[in-house]
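Trainee: I need the structure of the sequence given here:
(4 chains)
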Number of protein chains: 2
Amino acid sequence: MTMGNTGGRRKPPTIHDVAREAGVSRGTVSRVLNGGHYVSPTAAEAVNAAIRKTGYVVNRHARSLITGRSDSVGFLLTEPQERFFEDPNFNVLLRGCTQALAAHDIPLLLMLAGTDDERRRITRYITAGHVDGVLLVSSHSGDPVAEELRAAGVPLVACGKPIGLGSKVSYVAADDRDGARDMVRHLLALGRRRIGVVTGPQDTPGGVERLAGYREVLAEAGVEADERLVVPGDYSRASGEAAAERLLARAPDVDAVFVASDLMAQGVLTALHRAGRRVPEDVAVGGFDDSPAAVAATPELTTIRQPWDRISAEMVRVLLAQMGGEDQAAVILPTELVKRDST
Amino acid sequence: MTMGNTGGRRKPPTIHDVAREAGVSRGTVSRVLNGGHYVSPTAAEAVNAAIRKTGYVVNRHARSLITGRSDSVGFLLTEPQERFFEDPNFNVLLRGCTQALAAHDIPLLLMLAGTDDERRRITRYITAGHVDGVLLVSSHSGDPVAEELRAAGVPLVACGKPIGLGSKVSYVAADDRDGARDMVRHLLALGRRRIGVVTGPQDTPGGVERLAGYREVLAEAGVEADERLVVPGDYSRASGEAAAERLLARAPDVDAVFVASDLMAQGVLTALHRAGRRVPEDVAVGGFDDSPAAVAATPELTTIRQPWDRISAEMVRVLLAQMGGEDQAAVILPTELVKRDST
DNA sequence: TTCTCTACTGTGAACGCTCACAGAAGCATG
DNA sequence: CATGCTTCTGTGAGCGTTCACAGTAGAGAA
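Mentor: Below is the predicted model of the structure:
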């Protein structure tokens, strides 16, 4: 009696065992597994019973070996730093993608490519066919990985419109420009006229679009543009604080600020508080993202909600479509103004 | 000329191509790939050159098929809700694990098992051998998945000591009890004697241990225990706010609060502020985690830092050891008191 | 010389699956 | 009765690797 199985892993049943159990051939079992076409109802039932009885689970390695597909998808992060992991939106995105893929029984491989070295390794890994498609999260422009993957013909969907990659890559994004427009219109409706803006980095699509929306609405409303009201930030809390200080120095009569991220808006609030300006009485502050930071702030931030749950679902949908041979596509999803206490 | 290769994926080189290029046999190439033992220097050099020239990457599916290993590791989350994804520590953990595994060229599969249905599916998937080991993140007790995986002999490392699973499962944890002791000692050293505590859920190891540490230090210091000073929370910001209100009602003379998480501590600060108590003058507040919430709070929180980067590294180390046949182990890592403005 | 031992190399046989193909059976059509 | 078509089923080949084994060559010992 050598078969102890004391905690060890038993050899799992193969398609052969199922076939024998069901009294059919491998081929028939395989057909049942892959959609059940050209299988008689009797045979199908016998196979399903045998699968239940044996506890059979298809060996994906064997399947992948012959099909050339891996039935898995990569979630690729090409940020140099931990920035993304501190962004709560990122989590919602990751979770949403994992769940949406799980519904298709597709596992998600998390890949981090921070350094050049890692980028090379990951690119090799992906182009070698170990994932069937890639969900790309990389805000900055000129990402060489995206370009290489695209050139290698790997199905690819980016989160946010990639800058400088031509139009050849699919993406799903919130309507940043429209969200910014909503916010600035909201501030105008409150009677504010000296509206400042703290921008995001101008090498990110969000940074560019949100600033553009701000400019458009002011122009449409006939409010005089004043470049002293425009200060750059990098999405970090600290940069928001510094930007607000510059803004106050350059345009002391500012009566509202549109900040391109909630995190920066937190910094702006801190700086305004220190300068003795009341929010929203003296200066109204509008954020962007509707992240947890928005409700954590005092006062709670009026902000623009990005539909992250829909974004993740759409990214997966577009990627699967592309893996199925469809052409690339761009999906733009609407944002929503969330009014709280800071305006 | 049918070979257009217009964006499509070329057939990747196989071990055969490398062998032919190097003028050796498959076997020799395979040996080079797997450590290079019993290979002459000349042959090894020829093979390596051929690999570089052809751009060969080993087909993991083929390898896995025969070895029975998958060379990948699962990161399993069995939380019913999105709780974890809102926890910044979780991100650090996930990132740390991904990086530590990447150093061994092992991809990480992210698995979410929120519902019973998903749990079943994931358990099947794992026990079918599609990952070689599992990093488990599940704070609550009585997790059936962990038990099943353990029974199936799947290498497993938990984050935090699993409650009610016997001692048969490896885990890596911060020294919650010792961290709590440090914090309470710190509060005592400031001269506080009416020290309240907002606990975490008592079905989580952290919740239990942090409370225990609190009680121990007070007992050692000869401070009278008062159950009115002990109020439960669930790690959420809202529960911290509610807890602080109860605490103030039950023990108005409280002069310090040890809060079992930074997020709850934020809520505590809000409630104290509303009640007109100054922090730290009237009431000192100590948090736990050193999450971003700690510096986002006003005043910035004194807290206990958990060594998340080391925790992830250790989890991976222990898991790999276990996959290599070593016995299970428990690793407890020290915490650190971070003094800021709230005490 | 002959034998043994070590270092190295090549080869066939798997691993578990899908795919292409061939064949069988049933039925309608010529 | 032959022919074609459709639906179903079984079989052999092969995906790219590792593993076990059988060699070969050269060095050292008997």
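Trainee: for chain A, name the helix or strand with the lowest mean pLDDT.
Mentor: helix A:292-296 (a mean of 80; mean pLDDT, DSSP states H and E).
Trainee: kindly format the C-alpha coordinates of that one as PDB.
Mentor: The C-alpha coordinates for helix A:292-296 follow below in PDB (Å, rounded to 0.1, in the frame of the first residue of the first chain):
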ATOM      1  CA  PRO A 292     -11.800  58.400  -1.300                       C
ATOM      2  CA  ALA A 293      -9.700  61.500  -0.800                       C
ATOM      3  CA  ALA A 294     -12.700  63.600  -1.900                       C
ATOM      4  CA  VAL A 295     -14.800  62.600   1.200                       C
ATOM      5  CA  ALA A 296     -11.800  62.500   3.400                       C
END
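Trainee: what comes up buried for it?
Mentor: Of all the residues in helix A:292-296, those buried under the rule 16 or more other Cβ atoms under 10 Å in any protein chain shown are A:Pro292, A:Ala293, A:Ala294, A:Ala296. C-beta: built from backbone N, CA, C; applies to glycine.
Trainee: can you check stretch A:283-301 too?
Mentor: A:283-294, A:296-298, A:301.
Trainee: residues contacting the closest residue to chain B within the stretch 201-343 of chain A?
Mentor: Here the stretch 201-343 of chain A gets closest to chain B at one residue, A:Ala296, 6.0 Å apart by Cβ to the nearest Cβ. Counting by Cβ atoms under 8 Å, 6 or more residues apart in numbering or on different chains, A:Ala296 touches A:Gln266, B:Arg237, B:Gln266, B:Ala293, B:Ala296.
Trainee: phi first, then psi, for the residue in the stretch 101-250 of chain A positioned nearest to chain B.
Mentor: At 3.9 Å from chain B, A:Ala128 is the closest residue in the stretch 101-250 of chain A, using Cβ to the nearest Cβ. Reported as degrees, to the nearest 10, the phi and psi values for A:Ala128 are phi -70, psi 0.
Trainee: A:Gly160 versus A:Ala146, what's the distance?
Mentor: With distances taken as Cβ to Cβ, to the nearest Å, A:Ala146 is found 12 Å from A:Gly160.
Trainee: more neighbours: which of these two?
Mentor: Each of A:Ala146 and A:Gly160 has its neighbours counted (other Cβ atoms under 10 Å in any protein chain shown); A:Ala146 has more, 22 against 19.
Trainee: what about that one, helix or strand, and which?
Mentor: Taking DSSP states H and E as the criterion, A:Ala146 maps to helix A:144-151.
Trainee: equivalent analysis for A:Glu45, please.
Mentor: Here A:Glu45, judged by DSSP H and E, is contained in helix A:41-54.
Trainee: does A:Ser75 sit in a helix, a strand or a coil?
Mentor: Quick fix: residue A:75 is Phe, not Ser. strand (DSSP: H, G, I helix; E, B strand; the rest coil).
Trainee: please name the nearest non-neighbouring residue to whichever residue of the stretch 101-250 of chain A sits closest to DNA strand D.
Mentor: Using Cβ to the nearest atom of the strand, the single residue of the stretch 101-250 of chain A nearest to DNA strand D is A:Ala128, 8.9 Å away. Of all residues not flanking A:Ala128 in the chain, B:Val57 sits nearest, at 3.9 Å (Cβ to Cβ, 6 or more residues apart in numbering or on different chains).
Trainee: got the contact list for that neighbour?
Mentor: Applying Cβ under 8 Å, 6+ apart to B:Val57 gives the contacts A:Arg124, A:Tyr125, A:Ala128, B:Pro12.
Trainee: among those, which are located in strands?
Mentor: Using DSSP state E, no member of the contacts of B:Val57 falls in strands.
Trainee: which pair in those residues spans the largest distance?
Mentor: Using Cβ to Cβ, the two most remote members of those are A:Tyr125 and B:Pro12, lying 11.8 Å apart.
Trainee: higher neighbour count, those two?
Mentor: Neighbour tally, A:Tyr125 and B:Pro12, criterion other Cβ under 10 Å: the higher count belongs to A:Tyr125, 20 against 15.
Trainee: A:Asp116 - how many residues pack around it?
Mentor: A:Asp116 has 10 neighbouring residues, counting by other Cβ under 10 Å.
Trainee: correction: A:Pro144
Mentor: 12.
Trainee: can you pull out the strands in the stretch 51-200 of chain A?
Mentor: Using DSSP state E, counting those that start in this stretch, the strands assigned to the stretch 51-200 of chain A run over residues A:73-77, A:108-112, A:133-137, A:156-159, A:170-174, A:195-199.
Trainee: what's the closest of these to DNA strand C?
Mentor: Closest to DNA strand C of these is strand A:133-137 (Cβ to the nearest atom of the strand; 17.6 Å).
Trainee: which neighbouring elements make contact with the closest one?
Mentor: When contacts are defined as 3 or more Cβ pairs under 8 Å, 6 or more residues apart in numbering or on different chains; DSSP states H and E, strand A:133-137 packs onto strand A:73-77, helix A:88-102, helix A:144-151, strand A:156-159, helix A:308-323.
Trainee: what mean pLDDT does the third one get?
Mentor: Put plainly, it is helix A:144-151. Looking at helix A:144-151 alone, the average pLDDT works out to 84.
Trainee: distance to chain B added to the helices and strands packed on strand A:133-137, as a markdown table?
Mentor: Formatted as a markdown table, those follow (distance: least, Cβ to the nearest Cβ, whole Å):
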| stretch | distance to chain B |
| --- | --- |
| strand A:73-77 | 7 |
| helix A:88-102 | 4 |
| helix A:144-151 | 8 |
| strand A:156-159 | 11 |
| helix A:308-323 | 10 |
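Trainee: winner for burial among these?
Mentor: Comparing the helices and strands packed on strand A:133-137 by mean neighbour count (mean count of other Cβ atoms under 10 Å in any protein chain shown), strand A:156-159 ranks first with a mean of 26.
Trainee: list the contacts of that strand.
Mentor: Outside strand A:156-159, the residues that touch it by Cβ under 8 Å, 6+ apart are A:93, A:133-138, A:146, A:149-150, A:169-173, A:311, A:315, A:318-319, A:322.
Trainee: could you report the neighbour count for A:Glu224?
Mentor: A:Glu224 - counted by other Cβ under 10 Å - has 9 other residues nearby.
Trainee: that one: which element?
Mentor: Under the criterion of DSSP H and E, A:Glu224 resides outside all helices and strands.
Trainee: next one: the one 10 residues further on
Mentor: Of the helices and strands defined by DSSP H and E, none includes A:Asp234.
Trainee: need the pLDDT of it.
Mentor: Value for A:Asp234, per-residue pLDDT: 91.
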